[in-house]
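Asks: Predicted coordinates and the sequence they were generated for:
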Amino acid sequence: MTPRTFLAALLLLALQAAPASAAEGLEGARLGIVWALPFAGILLSIALGPLLFAHAWHAHYGKIALGWALLAAVPLLLTQGFGVASGAILHTLLTEYMPFILMLFALFTAAGGIVVAGNIHGSPLMNAGLLGAGSAMASVIGTTGASMILIRPLLRANDNRLHNVHVFVFFIILVSNIGGSLTPLGDPPLFLGFLRGVDFFWTGKTLWPETVFAVGVLLAVFLALDLWLYRRDAAFRALSDPTPDKPIRLHGAVNLALIGVAVAAILLSGLWKPGIELNVLGVHLPLQNVLRDLTMVAVGCASIAVTRPEHRRANDFQWEPILEVAKLFAAIFTCIIPVIAMLQAGREGVFAPLVGLVTRPDGSPSPAAYFWLTGILSSFLDNAPTYLVFFELAGGDPARLMGPLASTLAAISLGAVFMGANTYIGNAPNFMVYAIARQGGVKMPSFFGYMGWTIVILMPLFGAITWLFF
């Protein structure tokens, strides 16, 4: 059975499902730790598969993901009541998984049709400017989109540099991660928060001080390092430049307008509340959300229709990354269902010790603990499901988390987004940038070599953020 067949089977089974409220019918306090094993299994498979058995993983990751999803779904259906379990699964797939993957599809497709042609001189100020611009772009078109648009121009700009590894290490940190912290479009964890009821503008209004501080410090450190290494590269730069300077030109600009349409649809879904719901297989879907998701499909299809094939070829555009994300997250969203129920049980559930770790002696949540625990797990596991885990651990009530517990939600959000930069596997664009840079001749550090860079650069920064803000 393929992942696609599995999802189709779930939809057919759910024709008899209980209403959407059945998603809340799982009794988390009665579920033991064994119910968390499929979720842990899929996350560890994603983290370790590409490192330990890369060939087998890339050939069979869909089957591996399906196996973990079945280990979660089948026992739920057999032991928790068919109506409750199938309703919970369908509710999760229709209200969280589909909007999530359709948003990624729209932004991934449109960004993949934007080409920055030409070449510029990779001076320290120009490199810092590109990193700053990429950090700003990441919150508008997503960390993946910004990374894919800018990585090749940055490669061409620095191909006459002897010491250029640091440029791409900072690129991963800033453009592929930290820059995406100001809107739900920036990084998948924040979009999941938006789907859970976090206001679209809350992230920007609340997280801008930490983000501006982090980006400012990192750009200053980068500029100082790049100036020093640029002077050391003087003799090497005097040799012939493989890609001489040429005027910068933007191709596929129509995709910028399509991205604007996607952003407007997401904004509208958060602001427009007509009070109309559609009943889809027993799940109640607000009209504004249905229109948003249909718009994402239309944006992606329109981008495919209007973008010239040579523009996508120039970006080395491939569908495999988004297909991989779709398959893996179908399994993640299925496996996380019992985990969410267990977290909602709080101190009455199996995760009571975890509640204790993030709670102060007076019973209030500790933002610093949330920041570091969310971040450490996001460094090695996918940061989107990690965000959901701690979002639920903090109560899962968006109104309360945006209100009296705003510092806790800020800590969870920043931990998931910022510390995804700690390793190559912390966030999806990281490894993509690593692969493209290596293909372009950059001697990128190994997995642990990259961690050495981030420990030196990021741990003091995160310590300062904890002291100043949490």
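Replies: Arrived safely. Just so you know, these numbers come straight off a predicted model, no measurement behind them. Numbering: from 1, shown residues only.
Asks: From the contact counts, what lies against the helix ranked longest in the chain?
Replies: Identified as the longest helix of the chain according to DSSP state H is helix 124-157. Packing partners of helix 124-157 (3 or more C-beta pairs under 8 Å, 6 or more residues apart in numbering; DSSP states H and E): helix 98-111, strand 115-119, helix 165-174, helix 202-232, helix 254-271, helix 428-439. To be clear about C-beta, it is placed using only N, CA and C from the backbone, and glycine gets the same treatment.
Asks: ok, now how distant is Thr423 from His166?
Replies: 17 Å (C-beta to C-beta, to the nearest Å).
Asks: hmm, back to that, the longest helix of the chain: how far from the chain's middle?
Replies: 17 Å (C-alpha atoms, centre = their mean, to the nearest Å).
Asks: again, but for stretch 368-380
Replies: On the basis of C-alpha atoms, centre = their mean, stretch 368-380 sits 15 Å off its chain's mean C-alpha point.
Asks: Please apply the same query to stretch 156-173.
Replies: With C-alpha atoms, centre = their mean, you get 23 Å for stretch 156-173.
Asks: picking that back up, what's the angle from the longest helix of the chain to helix 254-271?
Replies: 110 degrees (axes from the mean of the first three to the mean of the last three C-alpha atoms, to 10 degrees).
Asks: residues of helix 124-157 that come out buried?
Replies: For helix 124-157, burial by neighbour count (16 or more other C-beta atoms under 10 Å) applies to 124, 127-128, 130-132, 134-135, 137-157.
Asks: next SSE after the lowest-mean-pLDDT helix or strand in the chain?
Replies: Ranking every helix and strand in the chain by mean pLDDT, DSSP states H and E puts helix 3-13 at the bottom, with a mean of 46. Per DSSP states H and E, the first helix or strand lying C-terminal to helix 3-13 is helix 37-52.
Asks: in the helix or strand following that following helix, what's buried?
Replies: Sequence-wise, the next helix or strand beyond helix 37-52 is helix 54-79, with elements assigned using DSSP H and E. Neighbour-count burial for helix 54-79 flags 57, 61-62, 64-73, 76-77 (criterion: 16+ other C-beta under 10 Å).
Asks: Looking at the residues you listed, which is nearest Val115?
Replies: Tyr61 (29.1 Å; C-beta to C-beta).
Asks: Surely that closest one and Ala326 touch.
Replies: No: Tyr61 is beyond contact range of Ala326, at 11.4 Å (criterion: C-beta atoms under 8 Å).
Asks: What ranges in the chain fall below the confidence cut-off?
Replies: 1-25, 28, 118-120, 234-246, 381 (pLDDT under 70).
Asks: Find the residue at the geometric middle of it.
Replies: Using C-alpha atoms, centre = their mean, the residue of the chain that lies closest to the mean C-alpha position is Pro188, 3.3 Å off.
Asks: Now it. Nearest residue, chain neighbours left out?
Replies: Excluding the flanking residues, the one nearest Pro188 by C-beta to C-beta, 6 or more residues apart in numbering is Ala384, at 4.1 Å.
Asks: Stretch 162-170: which residues count as buried?
Replies: By 16+ other C-beta under 10 Å, the buried positions in stretch 162-170 come out as 163-170.
Asks: right, and out of those residues, which lies closest to Trp35?
Replies: Once C-beta to C-beta is applied, the member of the buried residues of stretch 162-170 that ends up nearest Trp35 is Val169, at 38.9 Å.
Asks: Quick check: that closest one vs Gly32, distance?
Replies: Val169 is 42 Å from Gly32, by C-beta to C-beta.
Asks: can you check Lys63 too?
Replies: Distance from Lys63 to Gly32, by C-beta to C-beta: 27 Å.
Asks: what residues are up against Arg308?
Replies: Under the criterion of C-beta atoms under 8 Å, 6 or more residues apart in numbering, the neighbours of Arg308 are 251-252.
Asks: now swap in Asn177 and tell me
Replies: Neighbours of Asn177 in contact, by C-beta under 8 Å, 6+ apart: 143, 187, 417-418, 420-421, 426-427, 429-430.
Asks: Find the nearest non-adjacent residue to it, please.
Replies: Ala421 (3.8 Å).
Asks: same check, this time on Asp316
Replies: Ile436 (7.6 Å).
Asks: coming back round to it: of all the helices and strands packed on helix 124-157, which one is nearest Pro365?
Replies: The closest of the helices and strands packed on helix 124-157 to Pro365 is helix 202-232. By C-beta to C-beta, the value is 15.7 Å.
Asks: Hey, what's the angle from that closest one to helix 165-174? Just curious.
Replies: Using the same axes, to 10 degrees, helix 202-232 lies at 180 degrees relative to helix 165-174.
Asks: name the helices or strands packed onto helix 202-232?
Replies: Short answer (3+ C-beta pairs under 8 Å, 6+ apart): helix 202-232 packs on helix 124-157, helix 165-174, helix 406-418, helix 447-469.
Asks: Can you tell me which of those is nearest to Ala265?
Replies: Among those, helix 124-157 sits nearest to Ala265 (C-beta to C-beta), with 14.2 Å.
Asks: could you pull out the helices for the stretch 301-450 of the chain?
Replies: 309-314, 320-344, 352-357, 367-380, 383-393, 398-402, 406-418, 428-439, 447-469 (DSSP state H, counting those that start in this stretch).
Asks: Export those helices to a markdown table and append columns for distance to Leu223.
Replies: Formatted as a markdown table, the helices of the stretch 301-450 of the chain follow (distance: least, C-beta to C-beta, whole Å):
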| stretch | distance to Leu223 |
| --- | --- |
| helix 309-314 | 30 |
| helix 320-344 | 31 |
| helix 352-357 | 38 |
| helix 367-380 | 25 |
| helix 383-393 | 27 |
| helix 398-402 | 35 |
| helix 406-418 | 20 |
| helix 428-439 | 20 |
| helix 447-469 | 13 |
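Asks: out of those, deepest packed?
Replies: Among the helices of the stretch 301-450 of the chain, ranked by average contacts under mean count of other C-beta atoms under 10 Å, first place goes to helix 406-418 (a mean of 27).
Asks: Who are the contact partners of the nearest residue to Phe317 once chain neighbours are set aside?
Replies: Among residues not flanking Phe317 along the chain, Gly112 sits closest, at 4.2 Å (C-beta to C-beta, 6+ apart). The contact partners of Gly112, taken as C-beta under 8 Å, 6+ apart, are 145, 148, 303, 307, 312, 315, 317.
Asks: Swap in 7 Å and give it another go.
Replies: Taking C-beta atoms under 7 Å, 6 or more residues apart in numbering, we find Gly112 in contact with 148, 312, 315, 317.
Asks: right, and the first one touches Asn315 too?
Replies: Yes: look at Met148 against Asn315 with C-beta atoms under 7 Å: they come within range, at 6.4 Å.
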